[in-house]
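K.L.:
3D, please:
(chains A and B)
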Number of protein chains: 2
Amino acid sequence: MNYFSSDFKLGILGGGQLGKMLLTETRKFDIQTLVIDPSEEAPSRFGCNAFYRGSIVDYDTVYQFGQMVDVLTIEIENVNLDALDALEAEGKKVFPSPKTIRLIQNKGKQKDFYVKNNIPTSKHLRFVGLDDLRESLAKDEIEFPFVWKSATGGYDGNGVKICRSTLDLVNLPDVECIAEDMVPFKNELAVIVTRSESGEVKTYPVVEMEFHPEANQVEYVICPARIDEKVAQKAQEVALKVSEAFQHVGLLAVEMFQTEDDEILVNEVAPRPHNSGHYSIEASYTSQFENHIRAILNLPLGNTDSKVAGIMVNLVGEEGFNGQVVYENIEKIMAIDGVTPHIYGKRETRPFRKMGHVTIVNENMTEARRIAEEVKNSIRVISTQ
Amino acid sequence: MNYFSSDFKLGILGGGQLGKMLLTETRKFDIQTLVIDPSEEAPSRFGCNAFYRGSIVDYDTVYQFGQMVDVLTIEIENVNLDALDALEAEGKKVFPSPKTIRLIQNKGKQKDFYVKNNIPTSKHLRFVGLDDLRESLAKDEIEFPFVWKSATGGYDGNGVKICRSTLDLVNLPDVECIAEDMVPFKNELAVIVTRSESGEVKTYPVVEMEFHPEANQVEYVICPARIDEKVAQKAQEVALKVSEAFQHVGLLAVEMFQTEDDEILVNEVAPRPHNSGHYSIEASYTSQFENHIRAILNLPLGNTDSKVAGIMVNLVGEEGFNGQVVYENIEKIMAIDGVTPHIYGKRETRPFRKMGHVTIVNENMTEARRIAEEVKNSIRVISTQ
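P.N.:
Numbers count the residues shown, from 1 in each chain, chains lettered A, B, ... in the order given. Have a look, this model is predicted:
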């Protein structure tokens, strides 16, 4: 297949920052790329060959868009899967497949899948709603504390709650959900696996999420993780097993816990470029975005090794600021060696909105970590006035 | 100044591959960028915020375009300088300045400038045309062999001829020209200097052009140059002296000869991103394109050091092929670790047309050089049928 400066067309469902970073790679290779997103302010509206506005959860819109392209991919899981099924049935290449997305979209099904495939994960029970969960509690089938998760729709901490007593159930939405055992863990790790249509597989190094000691929020994504080599190896093996089970095409980001006795438990996966792999743009021989494109087009996968240590800091909107964004002190951090800001192209900031990220690369991890803290303490996403 | 996701607008005159690679950086920073180029097939027509078609050598077009933006830059020297003068006089920021471009556009003026500024360069004489040159030859003011160069309009070996006898003058165009002493040299080197509006200056490492032993064509651009540390230091010093003399804002690529007795002679300069710096996208902490943007916006300059060894191979159209381009064996080279093709986005190939380049990065220079040769011997830019 001739992808380069040819009539071949790739379609991306969703036009957010992940799409924007994918477009950097399709431009580099001059692969014609079409994007569809409901927002006329979508970060991916530039850099593609054509941008369409429309709902990606609408059957007809997705079906029509799919017919315009040769290969279809996503940058967000919340898309119309029936339309993707229909397109796939007609022979259209859809990566990740709707089957994979459907499994992952529902956290209950995803957990069942791990159990069925002998993939280590925390114990869970599935419920159709709150009454069902309360009944199970009454029968002592589950015990406090546990982690409640909405089966669908949750992301970035939304749809997740630690329940320590029935008081914590009061304001939960009455939706399909799961209750997971609360497992004390030392580290939250992630491994991104890239797998091509032909089955070629490569894993990125294990990354570590470092949490803010009080706020319980990921502050830094660190590559490579500062963990024991044996644990890293185990995490890679588990990630490969998950990849093998899903038989996905494209990226699969596998989020894991390292428990206090060094077991690896799979938390959840994402079948697309992932926040935990943004460091790869500057630190890796081949970025996660390039390898996603390579994988779904069945091109040889690129080297996933790192050239240097990489740390990623998210740029999210400060509390108390709404409106036209200002990246306070961005020039200050740009003066530091190895610091690269990525600005997602959203004009309006809102509290906690993902507005960009900063990558810090350095030959030396300790130095990278020191600079990352300096970056974190300097830049603020605020608004004019 | 707030450049990021703001109303600020950067304008680029010219929409070729250099513009395309600049746009990767303006997208990363979400800096609004407008591009103008005469061709509707210009590689930079995607990735900008707005693309305009028009002649960049036309006064009114350039003047009008300049009024739409806050800062204006170029990706090709052949632009209407009178319009840039007018814009600059009105307070518009134009980098590089028309004064710098005017000096560089004329090779005679450029050489005079080196002499005036005590910058080492080969001896030259200027002529208004061929008769003038013949007269000088008759008076023995110049001697065979010498290098004839058209004063304006030449690029990539066009407008350059080695003259060994009057026979070589027969088909030369009757234009303003120079005759340079032919200096035997060991190496052709280049140093890219980035200089911001505030005067901050950084140099990239010295790169070496490796020529094909028979074809006398640059085959590889190699960073760092495999030369003596003292010679490298001298080349850096000369490049800085040139930069200081021009007081340019943005990049200045300084091409130099290393003579047989290890003198450094400046050949010519380009006040913009340059082919000899393409390796920097993958090998450097900050690419030449990002540093050009940083410099002209008076942002702090990025680290110009390399993470790994880098080699660049140009992809030019094979002789005998015209039409819809095909990158033969591109998948073969993409299977090699550290190999990244850049496809410029020109659908039609022609003999010797610059269609793309390939970067090879590796921790080990010897290995990088081996792979570069493998790449060079594998990929071919041909056409369908």
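
K.L.:
Grab the nearest non-local neighbour of the one residue sitting closest to the centre of chain A.
P.N.:
Centroid-nearest residue in chain A: residue A:274, 3.0 Å away (criterion: CA atoms, centre = their mean). Closest residue in space to residue A:274, ignoring its immediate chain neighbours: residue A:253 at 3.3 Å, by CB to CB, 6 or more residues apart in numbering or on different chains. For the C-beta atoms, the positions are set from N, CA and C on the backbone; glycine is no exception.

K.L.:
do the same with residue A:217
P.N.:
Going by CB to CB, 6+ apart, residue A:217 has residue A:211 as its nearest residue, at 6.5 Å.

K.L.:
from what I can see the one you found touches residue A:186, true?
P.N.:
No - judged on CB atoms under 8 Å, residue A:211 makes no contact with residue A:186 at a distance of 11.1 Å.

K.L.:
Near chain B, which residues of the stretch 201-350 of chain A are found?
P.N.:
Proximity of the stretch 201-350 of chain A to chain B (CB under 8 Å from any CB of the partner chain) is limited to residues A:285-286, A:290, A:294, A:299-300, A:302-303, A:305, A:307-308, A:324-327, A:330-331, A:334-335, A:337-338, A:340-347.

K.L.:
Domain boundaries for chain A, per the record?
P.N.:
Domain segmentation of chain A under automatic domain parsing yields A:9-94, A:123-181, A:308-385.

K.L.:
Between the ones you listed, which one is closest to residue B:261.
P.N.:
domain A:308-385 (36.4 Å; CB to CB).

K.L.:
start to end distance for the closest one?
P.N.:
One end of domain A:308-385 sits 39 Å from the other (CA to CA, to the nearest Å).

K.L.:
In which helix or strand does residue A:73 reside?
P.N.:
strand A:71-74 (DSSP states H and E).

K.L.:
For that strand, what does the pLDDT average out to?
P.N.:
Mean pLDDT, computed over strand A:71-74, is 98.

K.L.:
Now do stretch A:37-56, average pLDDT.
P.N.:
98.

K.L.:
can you list contacts of it?
P.N.:
Around stretch A:37-56, the neighbours that count as contacts under CB atoms under 8 Å, 6 or more residues apart in numbering or on different chains are A:9, A:12-17, A:19-20, A:22-24, A:26-27, A:32-36, A:61-62, A:65, A:75-76, A:78-80, A:344-347, B:23, B:27, B:30, B:46-49.

K.L.:
Pull out the CA atoms of that stretch and give them to me as CSV.
P.N.:
The C-alpha trace of stretch A:37-56 is given here as CSV (Å, rounded to 0.1, in the frame of the first residue of the first chain):
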residue,chain,number,x,y,z
ASP,A,37,-15.2,16.4,15.9
PRO,A,38,-18.3,18.2,17.2
SER,A,39,-16.5,21.3,18.2
GLU,A,40,-15.5,24.0,15.6
GLU,A,41,-12.7,24.9,18.1
ALA,A,42,-11.2,21.3,18.1
PRO,A,43,-7.4,21.3,18.5
SER,A,44,-7.2,19.1,15.4
ARG,A,45,-9.0,21.4,13.1
PHE,A,46,-5.6,22.4,11.7
GLY,A,47,-3.0,20.1,10.4
CYS,A,48,-5.4,17.7,8.8
ASN,A,49,-6.3,17.6,5.1
ALA,A,50,-10.0,18.1,5.9
PHE,A,51,-11.9,18.8,9.1
TYR,A,52,-15.6,18.0,9.5
ARG,A,53,-17.9,19.0,12.3
GLY,A,54,-20.3,16.4,13.5
SER,A,55,-21.3,14.2,16.4
ILE,A,56,-19.0,11.1,16.7
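
K.L.:
State the distance from residue A:225 to residue B:373.
P.N.:
As judged by CB to CB, to the nearest Å, residue A:225 and residue B:373 stand 37 Å apart.

K.L.:
no no, residue A:251
P.N.:
Taking CB to CB, one finds residue A:251 at 32 Å from residue B:373.

K.L.:
Who has more neighbours out of those two?
P.N.:
residue A:251 (28 against 16; other CB atoms under 10 Å in any protein chain shown).

K.L.:
hang on, the more buried one packs against residue A:191?
P.N.:
No - with contact defined as CB under 8 Å, residue A:251 does not reach residue A:191; the gap is 10.8 Å.

K.L.:
hmm, back to that, can you turn the buried part of the residues of the stretch 201-350 of chain A next to chain B into a ChimeraX selection?
P.N.:
Restricted to buried positions by 16 or more other CB atoms under 10 Å in any protein chain shown, the ChimeraX selection for these reads:
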select /A:285,286,290,294,299,300,302,303,307,308,324,325,326,327,330,331,334,338,340,341,342,343,344,345,346
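
K.L.:
mind listing the helices in the stretch 51-200 of chain A by residue range?
P.N.:
Remark: helices assigned in the stretch 51-200 of chain A by DSSP state H, counting those that start in this stretch are A:59-67, A:81-89, A:98-105, A:107-116, A:130-138.

K.L.:
what does the model give residue A:350 for pLDDT?
P.N.:
So, for residue A:350, pLDDT stands at 95.

K.L.:
Excluding sequence neighbours, find me the nearest residue to it.
P.N.:
residue A:317 (5.1 Å).

K.L.:
Any idea how many residues pack against residue A:176?
P.N.:
What residue A:176 shows, counting by other CB under 10 Å, is a neighbour count of 16.

K.L.:
Next, give phi and psi for it.
P.N.:
Backbone geometry at residue A:176, expressed as degrees, to the nearest 10, gives phi -60, psi 140.

K.L.:
give me every residue that touches residue A:14.
P.N.:
Applying CB under 8 Å, 6+ apart to residue A:14 gives the contacts A:35-37, A:44, A:56, A:74-76, A:79.

K.L.:
Kindly list the longest helix within chain A.
P.N.:
Scanning chain A for the longest helix, with DSSP state H as the assignment, gives helix A:229-246.
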